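**Student:** okay, here's the prediction I keep looking at, along with the sequence it came from:
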Amino acid sequence: MLLASDTIAQSVGRIAAGNVGAVCVLGRIVDDPFTGATILLDIESIGLRGEEIWLLYSDGHAMDLDRFIEEVKV
């Protein structure tokens with residue numbers, strides 16, 4: 001669960017749950033801090049964590065970040 005006091009880096013760490021692949025995906029998302037933060041909130045709201053993020057990105061969307069983002073937007 002994200003906390004209101006979390007920084008972007010802390011939020012990425014919590015959502016990635018130790019999965020390096022998820023950290024890479026989330027790191028690309030937060031390149032734009034404002035848009036990235038809202039997408040992190042979307043990912044949080046649907047309950048994706050760690051390996052689930054990496055598998056959805058790599059297998060579900062063939063590493064296409066734009067397609068991944070469209071799916072996770074609420």
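**Tutor:** Thanks, I have it. Residues are numbered from 1 along each chain as shown.
**Student:** now do the helices in the protein.
**Tutor:** 8-16, 20-29, 33-46, 50-55, 65-72 (DSSP state H).
**Student:** other SSEs contacting the fourth one?
**Tutor:** So the one you mean is helix 50-55. Judged by 3 or more CB pairs under 8 Å, 6 or more residues apart in numbering; DSSP states H and E, helix 50-55 is in contact with helix 8-16, helix 20-29. From N, CA and C alone the C-beta is placed, and that goes for glycine too.
**Student:** buried ones in it, by neighbour count?
**Tutor:** By neighbour count with 16 or more other CB atoms under 10 Å, helix 50-55 contains the buried residues 50, 52, 53, 54.
**Student:** check stretch 7-25 too.
**Tutor:** 11, 12, 14, 15, 16, 19, 22, 23, 25.
**Student:** tabulate the residues you listed (CSV), appending distance to residue 70 and pLDDT.
**Tutor:** Listed next are the buried residues of stretch 7-25 as CSV, based on distance: CB to CB, whole Å; pLDDT from 0 to 100:
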residue, distance to residue 70, pLDDT
11, 20, 94
12, 20, 96
14, 23, 95
15, 18, 97
16, 20, 97
19, 21, 97
22, 18, 98
23, 21, 97
25, 14, 97
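**Student:** now these in a markdown table, with distance to residue 4?
**Tutor:** Shown next, in a markdown table, are the buried residues of stretch 7-25 (distance: CB to CB, whole Å):
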| residue | distance to residue 4 |
| --- | --- |
| 11 | 11 |
| 12 | 16 |
| 14 | 13 |
| 15 | 15 |
| 16 | 19 |
| 19 | 24 |
| 22 | 22 |
| 23 | 22 |
| 25 | 23 |
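**Student:** return the member of these nearest to residue 43.
**Tutor:** Taking CB to CB as the measure, residue 15 is the one of those closest to residue 43, at 5.9 Å.
**Student:** turn the helices of the chain into CSV, including distance to residue 1.
**Tutor:** Formatted as CSV, these follow (distance: least, CB to CB, whole Å):
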stretch, distance to residue 1
helix 8-16, 8
helix 20-29, 16
helix 33-46, 8
helix 50-55, 14
helix 65-72, 17
